[in-house]
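# Show me the folded form of this:
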Amino acid sequence: MDLIHPSSRADVVEAVRDANATARRLLVVGGRRHLDKGNPSEVDAELWTTQLDRLVSYEPAEMIAVVEAGMRVGELDRILADGGQEWPSDAPADSTVGGVIASGASSPRRLKVGALRDTVLEAEVVTGDGRLVRSGARTVKNVTGYDLHKLVAGSLGTLAVIVQVALKLRPLPHARRTLRFGADLALARELVGAVHGSAAVLATPGAVDVRLEGWPEEVEEQTAMARRVQRPVATVDDAPFPIERRWDERPVVAEAAVPPSQLDSAIVGDRWGALAGVGIAWLGLDGGERELGQLRSRVHAVGGIAPIVRGAGGLGDSPVAAPDVHRRLKAAFDPNAVLAPGREWKTSEG
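Residues are numbered from 1 along each chain as shown. Below is the predicted model of the structure:
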């Protein structure tokens with residue numbers, strides 16, 4: 001397979017236009033951390049973004065960083081930490097910024113920091129038909145009326161190649177604490193309501209971890225709120241979160257998303273972590289079709305999804321929401337199906 005390594009946005013435009021002219025299909029590649037998320041797609045070449053890795057601008061007072069899409073998350077974290085700020089992706093250090101956005105990855109701290117797509121203020125992308133366009137709050141007019149910087153988040157590289165983004169940042173917390181309780185999802189839900197402003201309430205088999213972040217006084221106040229519900233069995237300060245990720249011990253990992261009230265429906269097996277108040281769960285699976293099928297049946301029954309984020313299984317055969325909208329978006333931005341056809345959803349062609 002051909003490997004294409006553009007070093008500028010002009011190179012990306014040229015590569016995508018050439019693919020349109022020669023009927024070649026491209027897979028956009030960054031840190032290779034999110035390639036399993038999506039249905040298998042037959043392609044002729046990989047378009048790597050890793051040489052597009054510049055810090056374009058960063059002014060801590062504005063709390064906005066503009067970076068090229070191939071910048072590694074670890075390098076961005078290092079730069080922002082010097083300014084006392086963070087981009088709250090919580091992605092592996094060798095992931096690329098563009099890859100994290102395109103995959104629609106969720107932070108374990110989503111209860112407090114929100115959806116990662118909401119931090120994307122502006123995006124410069126090369127559409128599947130080779131147009132270099134910019135979309136976002138800092139432009140006078142969005143392209144063809146679409147909020148393209150929102151559409152490419154979670155699109156798995158099937159609409160456009162992200163080449164540059166402007167990111168909304170947040171201050172680094174001055175204190176971090178994880179409280180561990182020995183209980184279940186019922187206690188997790190109670191803690192979500194009782195501990196206002198918690199960064200995460202993560203339930204795992206036999207335990208619930210409450211993540212607290214902010215000013216030291218704020219964290220102490222939240223700790224007191226949690227203790228009024230139940231006394232924690234352990235308190236850990238300044239540790240990574242999650243403390244452990246036992247779902248990663250299995251060969252296949254699914255990320256289920258359901259209404260928060262239906263989180264129990266997303267639990268199968270004995271290697272999982274579920275974010276109470278958010279409705280996201282990560283599940284370690286043995287790779288068998290039966291276990292994955294059971295999970296997807298339970299999740300689909302309550303209106304959720306369960307894509308694979310590591311291992312085999314893709315997005316599955318469940319119908320996508322608003323398929324006509326998907327088809328129109330693909331036709332508008334990638335009319336010749338150059339970018340990973342079928343990866344985001346199954347079509348008659350894909």
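# Next one: the spatially most central residue of the chain from Lys37, what distance?
In the chain, the centroid-proximal residue (Cα atoms, centre = their mean) is Ala105; its distance is 0.9 Å. To Lys37, Ala105 is 8 Å away according to Cβ to Cβ, to the nearest Å. (C-beta placed from N, C-alpha, C; glycine too.)
# Next: Leu275.
Noted for Leu275: a distance of 18 Å to Lys37, by Cβ to Cβ.
# do Ala188 as well
For Ala188, the distance to Lys37 equals 25 Å [Cβ to Cβ].
# Repeat that for Asp18.
Distance from Asp18 to Lys37, by Cβ to Cβ: 27 Å.
# Those two: which is more packed in?
Lys37 (23 against 15; other Cβ atoms under 10 Å).
# Might you report the residue contacts of the residue of the chain positioned farthest from its centre?
Farthest-out residue of the chain from its mean C-alpha position, per Cα atoms, centre = their mean: Arg228, at 33.6 Å. With contact taken as Cβ atoms under 8 Å, 6 or more residues apart in numbering, Arg228 is in contact with Ala194.
# Let's see the pLDDT reported for it.
Listed pLDDT for Arg228 reads 96.
# go on, the one 5 residues further on?
Looking at Val233, its pLDDT is 95.
# wait, it sits on Gly182?
Yes: the pair Val233 / Gly182 is scored as a contact, 5.2 Å apart, by Cβ atoms under 8 Å.
# Next, the closest residue to the residue nearest to the centre of the chain other than its chain neighbours: secondary structure please.
Counting by Cβ to Cβ, 6 or more residues apart in numbering, Ala105 lies nearest to Ala91, which is 5.9 Å off, once chain neighbours are set aside. Secondary structure state of Ala91, per DSSP: H, G, I helix; E, B strand; the rest coil, is coil.
# Val73 reaches Glu86, doesn't it?
No: in this structure, Val73 is not within contact of Glu86 by Cβ under 8 Å, at 10.6 Å.
# Poorly predicted segments of the stretch 251-350 of the chain, please.
Along the stretch 251-350 of the chain, the model assigns pLDDT under 70 to residues 317-323, 345-350.
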